[in-house]
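Peer 1: Task: produce atomic coordinates for the following.
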Amino acid sequence: MTLLAEPSVVTDLLPQYNIPAAQLTAAQRMVAGWLKADAALAALPAGLTDGDDLFSPAFELVTLLVTNPELLASKTVGPTSRAWPIAQRRDAIRALVREQAQRAAGGAASGSFPPAPCWPDPALPLGRDWYRSL
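Peer 2: You can find the predicted model right below:
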């Protein structure tokens, strides 16, 4: 299964990593499952290319997964440490894919709306008619 039409784009971007072909294939399979669920598709197109809407999210998710296969937040070895914001970035990419899929299906409002205020307003001591009790 090849999610990206050219899997070599990942290895070209990350020449400092020695990425085995099996690891790249496994990462693509995992990302394909995520994107299939997030985009609510029965099947992903075979071999995503630059023009596909899912290419950029797939490429970035595969890159994140290949550079940190254990999905660690940080790692310390001796006096050095590394930190990866993979969980936050991965979740943001997947949320964007879900949002775009909902918008394309017509199930989400278009535009940007603030969250609904809670009711009754906690700033008012007895609700909205508090002044009547004075």
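Peer 1: any idea how far residue 16 is from residue 3?
Peer 2: According to Cβ to Cβ, to the nearest Å, residue 3 and residue 16 sit 22 Å apart. Just so you know, the C-beta spots here come from the backbone N, C-alpha and C atoms, and that holds for glycine as well.
Peer 1: Let me fix that, I meant to ask about residue 93.
Peer 2: For residue 93, the distance to residue 16 - Cβ to Cβ - is 22 Å.
Peer 1: Name the spans of the chain whose pLDDT lies under the cut-off.
Peer 2: By pLDDT under 70, the low-scoring segments of the chain are 1-2, 70-75, 84-85, 107-110, 118-134.
Peer 1: quick one: the helices in this structure?
Peer 2: Using DSSP state H, the helices of the chain run over 8-13, 21-38, 55-67, 86-105.
Peer 1: check contacts around residue 30.
Peer 2: By Cβ atoms under 8 Å, 6 or more residues apart in numbering, the residues touching residue 30 are residue 65.
Peer 1: Residue 117 - how many residues pack around it?
Peer 2: 8 (other Cβ atoms under 10 Å).
Peer 1: Please report how far the residue lying closest to residue 60 once chain neighbours are set aside lies from residue 69.
Peer 2: Among residues not flanking residue 60 along the chain, residue 93 sits closest, at 6.0 Å (Cβ to Cβ, 6 or more residues apart in numbering). Separation of residue 93 from residue 69 (Cβ to Cβ): 17 Å.
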